[in-house]
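Q: I would like the atomic coordinates for the input below:
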Amino acid sequence: MARTDDDSWEITESVGATALGVAAARAAETESDNPLISDPFARVFLNAVGEGMWSWFGAPNLPAPITEAQPDLKPRMQGMVDYMAARTAFFDSFFLDAARAGVRQVVILAAGLDSRAWRLDWPDGVTVFELDQPRVLDFKASTLREQGAQPTCNLVSVPVDLRHDWPAALREAGFDASAPSAWSAEGLLPFLPAAAQEQLFERVQALGAAGSRIAVEAPGPDFLDEAALDKQRETMQQLREVMAELEPDREIPDVTDLWYFEEREDVGDWLRRHGWDATVTPAEELMAGYDRRPPTGVEDAAPRTLFVSARREG
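A: Below is the predicted model of the structure:
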């Protein structure tokens, strides 16, 4: 599905389907022998939508024609599960540290199927604002409601497209820009044009009082590397050809078709330039810190992203 300026999506299509892929990785990690994270709701979302390409994560066996065509696929899938586990642990820790330090407003930008408002042990008085497309938030809320799940915080859903005037919607939902807040941009930035990314951080700057914090999963310095991108697209095309023979009705999207490959400022540099004390950790270093490392012998087995955490000075 090609991107347009005001596109929207169901949870099983376009950008929505990528949230299911992340949920599948969290489910696989949660159900593993030595889980780094616990997300009991990830499997609930997958069961609600049924089979899809997201089902490949954690699958014990892949079809033989696929493993023959792509012998690196299984270790690559495990590498992505490990990456998503480390990513989830990073943001979990960020939010709980902020809440324990007294921050009582949490803003999850592009919340997707993130279930932190239901699964984390939030201190009393914390309000979590979830921002995303209306249909995505509706799916999540209705699915968890059917399971009898209850938020562990004061949850406020803010159905809004992040390319529109989301600060106004956030304020109308009760956000107090005069008090410190904790923000996350997880799995978001490549899906935004460069100008929209710049505007997003400008808006956080306008809303984040002194003492506010932010955590970001940011594109790495080789995000625009043409050789790496061409190789990834070649791999996806090979998978599409195999899947077209095995299951003609199943669509295999290429996530890079949903991204905006445009020059954009380094996130750590932007935050420092605007008065934030920022720490930047490459993905492999973050994974190693959680004892989760990309599989050996497989090139580019984990995204070369950067994890940024920052606090705004007084």
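
Q: quick one: contacts for residue 289?
A: Residues in contact with residue 289 (CB atoms under 8 Å, 6 or more residues apart in numbering) are 86, 281. C-beta coordinates here come from the backbone N, C-alpha and C atoms, glycine included.

Q: doesn't residue 176 make contact with residue 103?
A: No: contact criterion CB atoms under 8 Å: residue 103 and residue 176 do not qualify, at 11.7 Å.

Q: who's more crowded, the two?
A: residue 103 (19 against 13; other CB atoms under 10 Å).

Q: residue 189 and residue 73, how far apart?
A: 26 Å (CB to CB, to the nearest Å).

Q: which one of these two is surrounded by more residues?
A: residue 189 (24 against 18).

Q: state the pLDDT value of the more buried one.
A: On pLDDT, residue 189 comes in at 95.

Q: am I right that residue 107 sits in a strand?
A: Yes: using DSSP: H, G, I helix; E, B strand; the rest coil, the assignment for residue 107 is a strand.

Q: look at it and say how many residues are nearby.
A: Neighbour tally, residue 107, other CB under 10 Å: 25.

Q: doesn't residue 182 make contact with it?
A: Yes: using CB under 8 Å, residue 107 is in contact with residue 182, at 7.2 Å.

Q: how close does the spatially most central residue of the chain sit to residue 21?
A: Against the mean C-alpha coordinate of the chain, by CA atoms, centre = their mean, the closest residue is residue 187 at 3.1 Å. To residue 21, residue 187 is 10 Å away according to CB to CB.

Q: now the helices for the stretch 1-150 of the chain?
A: 14-30, 42-49, 64-69, 73-100, 116-119, 134-146 (DSSP state H, counting those that start in this stretch).

Q: by mean pLDDT, show me the worst of the ones you listed.
A: helix 64-69 (a mean of 70).

Q: hmm, back to that, which one of the helices of the stretch 1-150 of the chain lies nearest to residue 271?
A: helix 73-100 (14.1 Å; CB to CB).

Q: tilt between the closest one and strand 105-109?
A: Computed by axes from the mean of the first three to the mean of the last three CA atoms, to 10 degrees, the angle separating helix 73-100 from strand 105-109 equals 150 degrees.

Q: name the residues of helix 73-100 that come out as buried.
A: Residues 73-74, 76-92, 94-96, 98-99 are the ones in helix 73-100 that count as buried (16 or more other CB atoms under 10 Å).

Q: helices and strands around it, which ones?
A: The elements that helix 73-100 packs onto, with contact taken as 3 or more CB pairs under 8 Å, 6 or more residues apart in numbering; DSSP states H and E, are helix 14-30, helix 64-69, strand 105-109, helix 116-119, strand 182-185, strand 213-218, helix 283-289, strand 306-312.

Q: got the angle between it and strand 306-312?
A: 10 degrees.

Q: show me how far helix 73-100 is from its chain's centre.
A: Its chain's average C-alpha position is 9 Å from that of helix 73-100, according to CA atoms, centre = their mean, to the nearest Å.

Q: got a list of contacts for stretch 271-284?
A: 83, 86, 201, 205, 214, 218, 220, 267-268, 289, 293-294, 302-313.

Q: show me which of those residues are buried.
A: Buried members of these, counted by 16+ other CB under 10 Å: 83, 86, 201, 205, 214, 218, 267-268, 294, 302-303, 305-312.

Q: alpha carbons of the helix or strand hosting residue 268, as CSV, please.
A: Using DSSP states H and E, residue 268 sits within helix 267-273. Provided in CSV are the C-alpha atoms of helix 267-273 (Å, rounded to 0.1, in the frame of the first residue of the first chain):
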residue,chain,number,x,y,z
VAL,A,267,18.1,13.1,16.9
GLY,A,268,20.8,13.3,19.6
ASP,A,269,22.2,16.5,18.0
TRP,A,270,18.8,18.0,17.7
LEU,A,271,18.0,17.4,21.4
ARG,A,272,21.3,18.7,22.6
ARG,A,273,20.9,21.8,20.5
